[in-house]
Structure formats: C-alpha cells, structure tokens
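Novice: just need the structure, nothing else, for what follows:
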Amino acid sequence: MNVRSMTAYARQEVNQGDWSVNLELRSVNSRFLDAHIRLPKSLAPLEDRIRKYLKETMIRGRVDLFVTYISMEDSTVSFEPDLAMAREYVKAVDLLKRDLVLPGEFAISDLLTNLNEVILVREAPADTELLWQRIFPLLQDLVKAACTMAQKEAEALVQDISSRLDRIEELLSAIEKRAPERLSQAQETLRERIQAMVADISVDDERIAQEIAVLADRLDITEELVRARSHVGQFRHYLRQGGEVGRRLDFLVQEIFREVNTISSKGSDSSISQMVVEIKGELEKIREQVQNLV
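Specialist: Numbers count the residues shown, from 1 in each chain. Here you go, the predicted structure:
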C-alpha cells in the first residue's frame with residue numbers, strides 16, 4: 001500500500017560556515033497543487049525549478065515552502081560613483097553661491113546627504129547553478145521527509161476507513177436480510193387494503209396478484225445492494241493499489257451515497273431507514289478522511 005496524505009510537515013537545515021540554508025515545508029489538503037514559495041531575493045532565480053519539483057513530487061495539496069539563505073562569502077555588491085552627475089551638481093551649487101553671494105563651504109558630506117544618487121549600487125548576478133547545487137539536495141531530503149510523514153498519516157486514515165467499510169458491509173447485509181420480510185409485510189398490507197376496499201365487489205385474484213407483483217418490483221432493492229457492495233469492493237481495491245487515489249475514492253463515496261439513498265426511498269421501513277442513516281454517518285466520516293488523501 002502506498003497511499004499518501006496531503007497533511008505533512010518537514011524541516012531541513014545545513015550550516016557550511018560560509019553559508020547556511022533553512023527549508024521548512026507545510027502541506028494540507030487541497031483539490032489541486034497550490035504551492036506558495038517564500039524565497040530570499042538571492043534565490044529568486046530558482047523559483048521555477050523549485051515549483052516544478054514540488055509539482056512532480058507533492059502532486060496535490062496546499063504546500064507552503066519557506067526558505068532562508070545566508071551567505072558570508074565575498075559580496076557581489078559594488079558601489080560606483082556617478083562622476084558626471086556629481087560634477088554637474090557641484091557646478092550648480094557653486095553657481096548659486098556666486099550669484100546669490102551665499103556664505104559657507106561645500107563639503108562631500110553635503111553632496112552625499114542631498115544627492116545620494118551619485119553613488120551607484122551595482123549587484124553582480126548570482127551563480128544560479130551553484131545555488132541550485134546547494135539547495136536541491138536539501139529540497140529532495142525535505143520532500144522525502146514530508147512524504148514519509150504523509151504516508152504514516154495515510155496509514156492511520158486507511159485503518160480507520162477500513163473499519164468503517166467493514167461496518168457498512170455489515171449494515172448492507174442486515175438490510176438484505178430484512179428486505180424479504182419487509183416486502184412480505186408490504187404485500188400483505190396491500191392485499192388487506194384491496195380486500196377492504198372491494199369487500200362487496202368480486203375482484204379477480206389474478207388482478208390482486210398483479211398489483212402485488214408491481215409492488216414487489218417497485219420495492220426491490222437487490223440491484224442497489226449489489227452496486228453498493230461493488231463500490232465498497234472497488235474502494236478497497238484502490239486503497240490496496242495505492243498511488244493517486246483520492247479523487248477516485250471521493251467519487252466512489254458519492255456513488256455509495258446514491259445507492260443507499262435509493263434503498264432508503266424504496267425501503268419504506270423504519271428498520272432499514274435507521275440502518276441507512278448509520279451507513280450515511282460512516283460515509284460522511286470516510287469522505288472527510290478521503291479528502292486528505294493525494
């Protein structure tokens with residue numbers, strides 16, 4: 001069995017002296033893969049690669065990935081003066097002083113305070129491949145740890161689901177056992193009603209038999225029971241098969257709901273109705289569990 005839950009958490013951290021990185025992943029259920037990736041600016045070029053890897057490995061779920069990266073290596077940032085702008089600025093200040101006869105001296109601090117654009121900040125492009133070589137092995141370990149946790153979570157879910165399927169099969173068998181008795185009672189009630197209504201009128205026994213046969217056909221739940229059992233069997237098959245079964249199992253839950261609703265509407269019996277209510281309760285709990293499976 002290789003069924004996986006969408007609920008998972010994992011964390012990876014490494015410190016290599018000159019650089020360190022921390023990755024944290026949280027995942028909860030979602031109809032599709034909904035990846036939210038938080039990266040520092042230096043790792044932004046890796047976002048598409050990371051997103052692609054999450055799509056291939058996590059399959060479904062709301063995935064939040066947080067990455068911090070600190071490098072103490074030589075800075076890729078450099079500062080360069082814009083000499084042309086600085087000259088023009090100084091010339092403009094000198095012209096104002098002469099024309100307006102302004103006192104005081106002009107210093108470099110005045111230039112930098114009032115016109116910090118004269119120092120240009122240039123950042124060399126990061127070595128994307130080097131960053132990927134550092135991040136990717138940790139990302140692999142992170143996802144592997146998350147999937148391991150998700151599989152353990154799924155094992156508990158499958159165990160709970162299996163016990164509920166056992167109970168549903170027990171109830172279906174009880175309904176099947178009750179059905180002939182309920183049908184016999186309904187036929188006898190119909191016979192008595194017909195005879196009471198036509199007490200003074202001669203009615204052909206064959207006509208009464210036809211009405212009873214129509215009633216029997218209308219109340220027959222054999223096909224619904226067979227289909228419900230078949231869906232339960234298929235449900236178990238997919239659980240054993242594993243893989244991406246969440247959507248299939250959710251569909252089968254709906255189909256079993258459909259069959260037991262028909263059984264309830266055809267049943268016209270309080271005992272069967274009570275058992276159907278219990279089956280629906282089990283199905284609701286199964287549906288909640290299934291929606292957590294990939």
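
Novice: where does the closest residue in space to Arg287 that isn't next to it in sequence sit, in terms of helix or strand?
Specialist: Take Arg287 and drop its neighbours on the chain: the residue closest to it by CB to CB, 6 or more residues apart in numbering is Val253, 4.8 Å away. C-beta here means a position set from N, CA and C on the backbone, and glycine is covered the same way. According to DSSP states H and E, Val253 maps onto helix 246-267.

Novice: which strands or helices does the helix or strand following that helix pack on?
Specialist: Proceeding N to C from helix 246-267, the next assigned helix or strand is helix 270-290, under DSSP H and E. If contacts are counted by 3 or more CB pairs under 8 Å, 6 or more residues apart in numbering; DSSP states H and E, helix 270-290 sits against helix 128-197, helix 246-267.

Novice: of all the ones you listed, which one comes closest to Ser30?
Specialist: If you check each of these against Ser30 by CB to CB, helix 246-267 wins as the nearest, at 10.7 Å.

Novice: mind listing what's buried along that closest one?
Specialist: Of the residues in helix 246-267, 246, 248-249, 252-253, 256-257, 259-260, 262-264, 266-267 count as buried by neighbour count, 16 or more other CB atoms under 10 Å.

Novice: try stretch 221-241
Specialist: Buried, per 16+ other CB under 10 Å, within stretch 221-241: 221, 224-225, 228-229, 231-232, 235-236, 238-239.

Novice: quick one: it to chain centroid distance?
Specialist: Taking CA atoms, centre = their mean, to the nearest Å, the mean C-alpha location of stretch 221-241 is offset from the chain mean by 25 Å.

Novice: equivalent analysis for stretch 12-20, please.
Specialist: Stretch 12-20 has its C-alpha centroid displaced from the chain centroid by 32 Å (CA atoms, centre = their mean).

Novice: that one: which residues count as buried?
Specialist: So, applying 16+ other CB under 10 Å, buried residues of stretch 12-20: Gln12.

Novice: send the alpha carbons of that stretch over as PDB?
Specialist: Written as PDB, here are the backbone C-alpha positions of stretch 12-20 (Å, rounded to 0.1, in the frame of the first residue of the first chain):
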ATOM      1  CA  GLN A  12      15.900  20.800   6.800                       C
ATOM      2  CA  GLU A  13      18.900  22.900   7.800                       C
ATOM      3  CA  VAL A  14      22.500  23.000   6.900                       C
ATOM      4  CA  ASN A  15      25.400  25.300   8.000                       C
ATOM      5  CA  GLN A  16      28.600  25.200   6.000                       C
ATOM      6  CA  GLY A  17      30.400  28.000   7.700                       C
ATOM      7  CA  ASP A  18      30.400  30.400   4.700                       C
ATOM      8  CA  TRP A  19      26.800  29.800   4.000                       C
ATOM      9  CA  SER A  20      23.700  28.400   5.700                       C
END
